[in-house]
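# Give me coordinates for this.
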Amino acid sequence: MREEVRTADGRVLTAEHWGDPDGKPVFLLHGMPGSRLGPAPRGMVLYQRRVRLIAYDRPGYGGSDRHPGRTVADVAQDVAAVADALGVDTFAVAGRSG
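Residues are numbered from 1 along each chain as shown. Model prediction:
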């Protein structure tokens with residue numbers, strides 16, 4: 001399911017989630033370059049493991065607005081914005097590459 005999330009500073013982040021909607025939420029942070037649509041486990045694998053996989057396009061990639069002057073640490077605020085928009089209180093995070 002695709003979602004557009006507005007951050008506190010007005011940017012839009014495009015997010016998507018797959019797998020078990022009631023499963024354990026896991027954020028998958030894509031590499032650079034890349035997008036939320038990069039390699040991920042198949043939906044059936046996610047359901048079998050009771051995982052709700054959440055990915056979003058980092059600023060300037062895919063459907064997400066740019067964030068001039070951002071730092072690597074700014075990803076934490078973006079993940080929090082997506083989690084809040086999806087009603088997710090606790091979650092795991094996995095990343096790859098950049």
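# Now do the lengthiest strand in the chain: everything it contacts.
Counting residues, the longest strand found in the chain (DSSP state E) is strand 12-19. Applying CB atoms under 8 Å, 6 or more residues apart in numbering, the external contacts of strand 12-19 come out as 1-7, 36-37, 40-41, 43, 46-47, 49, 51-57, 59, 62-65, 78, 81-82, 85-86. For every residue, glycine as well, the C-beta is placed using N, CA and C.
# helices and strands around the helix or strand that comes right after it, which ones?
Per DSSP states H and E, the first helix or strand lying C-terminal to strand 12-19 is strand 24-29. Strand 24-29 sits against strand 51-56, helix 75-86, strand 92-95, with contacts defined as 3 or more CB pairs under 8 Å, 6 or more residues apart in numbering; DSSP states H and E.
# Can you give me the buried ones in the helix or strand that strand 24-29 is followed by?
Once the chain leaves strand 24-29, the next helix or strand it forms, by DSSP H and E, is helix 43-48. Of the residues in helix 43-48, 46-47 count as buried by neighbour count, 16 or more other CB atoms under 10 Å.
# what pLDDT, on average, does helix 43-48 get?
Mean pLDDT, helix 43-48: 90.
# now swap in stretch 10-17 and tell me
Computed over stretch 10-17, the average pLDDT equals 96.
# Output it as CSV - backbone C-alpha positions only.
Extracted C-alpha coordinates of stretch 10-17, given in CSV (Å, rounded to 0.1, in the frame of the first residue of the first chain):
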residue,chain,number,x,y,z
GLY,A,10,6.3,20.5,4.7
ARG,A,11,8.1,18.0,2.6
VAL,A,12,6.4,14.9,1.1
LEU,A,13,7.8,11.4,1.6
THR,A,14,6.5,8.5,-0.4
ALA,A,15,6.2,5.3,1.6
GLU,A,16,5.0,1.8,1.0
HIS,A,17,4.3,-1.2,3.1
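# which parts of it are buried?
11, 13-17.
# Stretch 61-78 now?
61-64, 67, 75, 78.
# what's the most distant pair in these?
Gly63 and Val75 (16.6 Å; CB to CB).
# Done for today, thanks.
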